[in-house]
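Participant: the following block contains a protein sequence and its predicted model.
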Amino acid sequence: MKDLGEAYVILNIKLVKETNGGVTLTLFHYVEKVLGRFGYSDYKPISTPYDASLIIRKNKRIMRDHLRYSQIIGSLMYLASAMRPDISLAVSKLSRFVSNPGDNHWMALKRVMHYLKE
């Protein structure tokens with residue numbers, strides 16, 4: 001067994017040592033990585049992750065970019081379960097439509113990505 005020194009990141013959770021001896025856990029670098037990976041890093045932040053006035057129903061039109069949608073939802077599910085319960089409602093509603101995402105689903109997903117930018 002080899003000692004690799006102090007851990008800085010564990011399961012995409014960054015450990016930041018404080019001057020008083022405490023440790024702060026943050027997912028900021030993972031959020032930035034997800035936003036950059038999917039091309040949402042230049043978006044403006046918004047204050048809420050979900051618009052309750054938007055009605056999300058089953059898509060009866062042509063599916064739009066199924067694989068990319070499911071990859072983004074998977075990344076958001078990790079964030080929601082790890083340390084971001086504020087996006088849990090939006091992610092759970094959007095994850096219901098992974099098999100057939102449409103334009104409304106993409107608009108709601110983009111809103112969550114805008115929210116993460118703040």
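Facilitator: Noted; the coordinates are in hand.
Participant: okay, buried residues for the strand or helix carrying residue 79 please.
Facilitator: For residue 79, the host element (DSSP states H and E) is helix 66-82. Using 16 or more other CB atoms under 10 Å as the test for burial, helix 66-82 gives 69, 72-73, 75-80. Just so you know, the C-beta spots here come from the backbone N, C-alpha and C atoms, and that holds for glycine as well.
Participant: cool, and stretch 32-43?
Facilitator: 34-35, 40.
Participant: that stretch: end-to-end distance?
Facilitator: 12 Å (CA to CA, to the nearest Å).
Participant: now do the strands in the chain.
Facilitator: 9-10, 13-17, 23-26 (DSSP state E).
Participant: and the pLDDT for the residue nearest to the spatial centre of the chain?
Facilitator: The residue lying closest to the centre of the chain (CA atoms, centre = their mean) is residue 76, at 3.1 Å. Looking at residue 76, its pLDDT is 94.
Participant: isn't it up against residue 88?
Facilitator: No. Counting by CB atoms under 8 Å, residue 76 stays clear of residue 88, with 9.4 Å between them.
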